[in-house]
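Chemist: Have a look; sequence and predicted model below, questions after that.
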Amino acid sequence: MDALLTRRLEASGAVTGATADVVRVFETASTVLFIITSIGIIVCLLKPYPRALFPIAAIYLTFSVIQIIANVFSMLSTAHVASGVGLGSLWDVFAVYAMSVTVFMFVYLFLDVSTPGGAFVWPARDGHPPPTPNLLDYLFISLNVNSTYGPTSEAVMSRPTKLIMAMQVLLAILMLTVLISRSVAATS
């Protein structure tokens, strides 16, 4: 998706010259970093290297969040470019939205696993032990933060997790702003 977004920005003329070179270098470097860290994560999962898994995953997720931020700001800076081209031109907004939900799902999983006592309090039914969260639970949190601006039933206990959620909310508001701006421009 990052490569497609970069090509769209260049093809639309939204980025040119030195800016296009910077965008291209960032996209190439991010692809290389993702490949290297993905290989590291796969090796750690296949071989018993549990101590190396957390630092590699932290690097991977940190750079993923930086890419989401860069994508949102690229979309924000190019919201004025396309006018009268129809709603089909909004695919990149939806792609960045989906990437944001996915990346933050893994960030919340990482934070919950790496925080002593957990980053979240998972609600339980009366008389039952709290459930063991799975990937769907973290997807639910990420979708809620991206669309309703906060978790619904899970209590957030970790300050770093609260800060990450606040950042995701701000990015979601910017994505919504770009979506509205481009929708109006695409239909006028």
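Modeler: Structure's in. What do you need?

Chemist: Tell me if I'm right that Ala70 and Phe26 touch.
Modeler: Yes. If you go by CB atoms under 8 Å, Ala70 and Phe26 touch, sitting 6.7 Å apart. Using the backbone N, CA and C atoms, a C-beta is placed for each residue, glycine as well.

Chemist: ok, residues contacting stretch 165-177?
Modeler: 65, 68-69, 72-73, 75-76, 79, 93, 96-97, 100, 104, 142, 145-147, 149-151, 156 (CB atoms under 8 Å, 6 or more residues apart in numbering).

Chemist: Buried among the residues you listed? Need that as a selection in ChimeraX.
Modeler: Buried members of the contacts of stretch 165-177 can be picked out in ChimeraX with the line below, counting by 16 or more other CB atoms under 10 Å:
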select :65,68,72,75,79,93,96,97,100,104,142,145,146,151,156
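
Chemist: In strands, which of the contacts of stretch 165-177 appear?
Modeler: Of the contacts of stretch 165-177, the ones assigned to strands by DSSP state E are Val156.

Chemist: Output the lowest mean pLDDT helix or strand found in this protein.
Modeler: Of all the helices and strands that make up the chain, the one with the lowest confidence by mean pLDDT, DSSP states H and E is helix 2-11; it has a mean of 70.

Chemist: can you give me the angle the next helix or strand along the chain from that helix makes with helix 2-11?
Modeler: Going down the chain from helix 2-11, the next helix or strand is helix 17-46, by DSSP states H and E. Here helix 17-46 runs at 180 degrees with respect to helix 2-11, directions being taken by axes from the mean of the first three to the mean of the last three CA atoms, to 10 degrees.

Chemist: got a list of what the residue nearest to the spatial centre of the chain touches?
Modeler: Residue closest to the mean C-alpha point of the chain, counted by CA atoms, centre = their mean, is Ser100 at 2.6 Å. The neighbours of Ser100, taking CB under 8 Å, 6+ apart as the test, are Ile68, Val72, Ser142, Asn146, Gln168, Leu171, Ala172, Met175.
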